[in-house]
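A.B. asks: what's the 3D shape of this:
(chains A and B)
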Amino acid sequence: MSYAFRYTDDSPYGHIVHLLDQHLPDRGLIIDLGCGHAAIAEPTLKLGFSYAGVDGDAATVDELNANSPVDAFVLDLNDLDRLAERLDEIAAGRPIAAVTAIDVLEHLPRPDDTLRTLHVWMLERDVAALAVSIPNVGHVDLAAKLVTGRWDVTPTGLLDETHLRFFTDDSVRALMETTGFDEIARHDFRLIFSDQAWPPDHPTQSPESMLGRYLRTLRELSDDHAETNQFVRIYSPAPTPMSTPRGGAVRSSSFATEPVTERRTPFLSIVTRTMGHRHTLVDTLACLAAQTDDDFEVLLMVNTDDDDASAAVADLVASFDDRFRSQVRIDVSTVMHRVAPLNRALDLAAGRYLTVLDDDDLVFGDWVEQFHSAANAHPGAVIRCRAVDQQIDTVGHHGPAVSASGFKAPYRATFDLASHLAGGQSPQGTMAVPCEALDTFRLRFDENMVVCEDLEFYLRVANICGVVDTGTFGMVYRRWTDRFASQHTVSPEVWEQSIQEIVRRLDAMPLLMPTGTASRLYQAAVQERQLYELDQGTSALLRRADVAERNWASLADAYAQLEHEFRKLADDRNHWVGQAEQLAPARWASLLRRVVRRCRHLLSGGS
Amino acid sequence: MTPSLSVQVVVFDNSLAELQRLVSGISATVRHARAASAVDVVAIAIGDASANPSLTDPEIDLLRGAVGPHVDISYEFFGENLGSGGGSNRLMERSDSDLIWVLNPDTVPAPNALGELVAALQPEDVAAVDARQLPIESPKGFDPETGDAAWVSGACLLMKRAAATAVDGFDAHFFPMYCDDVDLSWRLRLTGWRVRHAPTAVIFHDKRLGADGRPLASDFEHESGMLSRLFLAHRYDRPDVVQTTLAWVDEHGTDAHRRAVVTYRARLDAGDVPKPIADPTGVADLDTDYYGPSRFRY
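C.D. replies: Model prediction:
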């Protein structure tokens, strides 16, 4: 089938032409394999290239030759025996700048064979580049549809009914590397909504639906091609093809990946950062050397520019028995950074799960075993054990660190996202995270965070994988006594800022809630309702108290007034009693008569 | 002269894996100590107090392979349960080493452990030293300057054989286990020896926590611990402590504690108890939770 798509700059054709223009200073012949209606002929001719269209469909070729200025040729890309010869015939001795294959490789039953043949021919003819455009079946629209069981083959587009092969970024890389092509540059064609973005309002398709948004978020974490519609890339022929792709899984061919059924080994990668000066490292390593389950490796990330400190760590590890020594890898970095060694360790880790243990933490003998059995029972989940706190101090000023308190168990027995935001509830050594999730979703510690980068990291992983609690105590989180507080304290403001940043990031994405969350939400809602009712009752009481207070104030005023009057009366009485005492009894009668007269006068309206 | 060393481990139904971890740790710390000329000839003596042998010949060979040719391993099946103290005494009788290192089978020494213990044992008047146990450190107190302690723990105890034999080693009456180390320490101190804690010497002791975040103790440990407390009070002339302990068990004790009381009374009647010491003044401390000063509590 041939397609009559028109050329625009913002299309896979436009991107191909852009790559040719940018990377081919010598404007020779472009041989356009599977040219269809020769969409790139005109723009490449304008750029000074010459152009030859090639197609397997004779009718299309005839039409091009009859109705356009383009030279077109019939060529069967599956006819490998005649491929080189036919290309030579088409080139007719002209210098060849590049071969293009736009929407071609996915139509071939064995594109790897065609590419290998092409590779040999290109090396022999000194052809500088191969430019390809290949549809991406890893587009989020297809992923979201497949979640609901839909795989809609269409006349054209990502799932064109004539496609024989299906490619993702990974498989394109594998195909090209193993057939002898080194990537020069890429200009992938992106579409937020591909031709598969239908039916309208589909719950996994629409980024406005919570599920659609969550799937998009996950897909975007995995690689940079959630919205890549076409892989548009330009390659040079390598001297020899690679036997296996760089860093890729073992493949049986350029397309097929051997199923990976074996779990990664060892079970656990234990990451311990140290600056090499703490006496406590021997405590931590002694606990690890005594584990009941030795299916682990230790990545000792030594971060120091002090050669002596670094050598001391190496000597310490060398002093352990052969078996344990062989489980420890030491990585020295002189670039002083608190978080960067963690991410480097994530890159180095070979384990199925990964945990981080501080160089003053202690673990119980079955710490690895607990993680291991829980991970086998709940593969893919984050595993969390419990921790106790214990204070440590040095013997004297420079002696060894010894315990300075008993154990406290201040952390929640079970993982809970909300509680973790309210305060650290899981020292790092309580969490073992599946490396498959870290790799799949490119999860790393945020090196720009001043504090709480561990909390931020574990909450991100937990939101995807969920958390299974072992329920048993696995570690002792040791805190230095107040004597050392100034060395370790972070101001509450900085802490709060980091928590707010974590909340902001979590708020920016839908959160997956584990089973059992509904009960917890229900309890929270009931408590909120009870608080509301309590608040209402309290408000009513406060209003009544306010009224009572005002009444009381009035009463107090009235009382004060009465008291004042009473005192005045008492003073008057005393005055009159005094006066009376000064008067002779004979004058009492006269005075009484005057008073009576006066009263009568007043009562009769006198003044 | 560089001292010779006998490492003594009394096992009771312990697994091969557990003993492999132990001998691997011993091997590393012996190598380390030898390199520093802290010890000379080293032998590991395993005494088996189980009802049936815990190890087969091929398994013993596996252990020998784990330590290499520089350390000899011997294995003796006792055929009876001698208890931890009795078992250690039996192994000590077989040894002519200068130093005896008693280790619990559920321990794993850190590489520095032996060298630090030997260093702490250097002073002439020090008879025995113990190590800092992890991950549950003993709360028992010690002098931060001298390391002097009220007693040293038998989970990891390095002592001069001459000092130990002079006081007849452990008292096997503390059967099956517990407090025999306290008793040995006190008897050493009563004869003028010092015992020390070496916090720089690290030993992993495979203890776990219960659901409440406190050190986990099995019924057996509760029973044996209670029995040994009664023996200790009997030994050091503290009938008042015996009586208050019995009263406490009456009021608050578990079944395990009550079994211990029954055993105590039966063995008291049979005379199968530690012989009382008349004047333990200034050494025996039965008025504290940890038989001496403590730094904190669990």
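A.B. asks: what are the phi and psi angles of residue 195?
C.D. replies: Reading this off chain A. phi -70, psi -10 (degrees, to the nearest 10).
A.B. asks: ah, I was thinking of chain B
C.D. replies: Backbone torsions of residue B:195, given as degrees, to the nearest 10, read phi -120, psi 140.
A.B. asks: again, but for residue A:478
C.D. replies: The phi and psi values for residue A:478, taken as degrees, to the nearest 10, are phi -100, psi 130.
A.B. asks: so where's the stretch 1-150 of chain B shaky on pLDDT?
C.D. replies: Within the stretch 1-150 of chain B, no stretch has pLDDT under 70.
A.B. asks: residues in it within reach of chain A, list them.
C.D. replies: Within the stretch 1-150 of chain B, the positions near chain A by Cβ under 8 Å from any Cβ of the partner chain are B:17, B:21, B:24-25, B:27-28, B:31-32, B:108, B:110-112, B:132, B:134-135, B:137, B:139, B:144-145. C-beta here means a position set from N, CA and C on the backbone, and glycine is covered the same way.
A.B. asks: switch the cut-off to 6 Å
C.D. replies: B:21, B:24, B:27, B:28, B:32, B:108, B:110, B:111, B:134, B:135, B:137, B:144 (Cβ under 6 Å from any Cβ of the partner chain).
A.B. asks: close to chain B: what parts of chain A are there?
C.D. replies: A:282-283, A:286-287, A:290, A:319-321, A:323, A:362, A:364-365, A:388, A:395-396, A:400, A:402-403, A:405-407, A:409, A:473, A:476.
A.B. asks: so which of those sit within helices?
C.D. replies: Within those, membership in helices is found for A:282, A:283, A:286, A:287, A:323, as judged by DSSP state H.
A.B. asks: which of the residues of the stretch 1-150 of chain B next to chain A are buried, as a PyMOL select command?
C.D. replies: Restricted to buried positions by 16 or more other Cβ atoms under 10 Å in any protein chain shown, the PyMOL selection for the residues of the stretch 1-150 of chain B next to chain A reads:
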select buried, chain B and resi 21+24+27+28+32+108+110+111+134+135+137
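A.B. asks: any chance of TSV for the residues of the stretch 1-150 of chain B next to chain A, columns secondary structure?
C.D. replies: Formatted as TSV, the residues of the stretch 1-150 of chain B next to chain A follow (DSSP: H, G, I helix; E, B strand; the rest coil):
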residue	secondary structure
B:21	helix
B:24	helix
B:27	helix
B:28	helix
B:32	helix
B:108	strand
B:110	coil
B:111	coil
B:134	strand
B:135	coil
B:137	coil
B:144	coil
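A.B. asks: of all the ones in helices among the residues of chain A next to chain B, which two lie farthest apart?
C.D. replies: Spatial extent of those (Cβ to Cβ) is set by the pair A:283 and A:323 at 19.3 Å.
A.B. asks: what sits against residue A:481?
C.D. replies: Contact analysis of residue A:481 by Cβ atoms under 6 Å, 6 or more residues apart in numbering or on different chains lists A:391, A:393, A:404.
A.B. asks: tell me how far the first one lies from residue B:208.
C.D. replies: Separation of residue A:391 from residue B:208 (Cβ to Cβ, to the nearest Å): 21 Å.
A.B. asks: just residue B:262 next, same as before
C.D. replies: 28 Å.
A.B. asks: centroid residue for chain B?
C.D. replies: In chain B, the centroid-proximal residue (Cα atoms, centre = their mean) is residue B:154; its distance is 1.4 Å.
A.B. asks: check the secondary structure at that one for me.
C.D. replies: What three-state DSSP gives for residue B:154 is coil.
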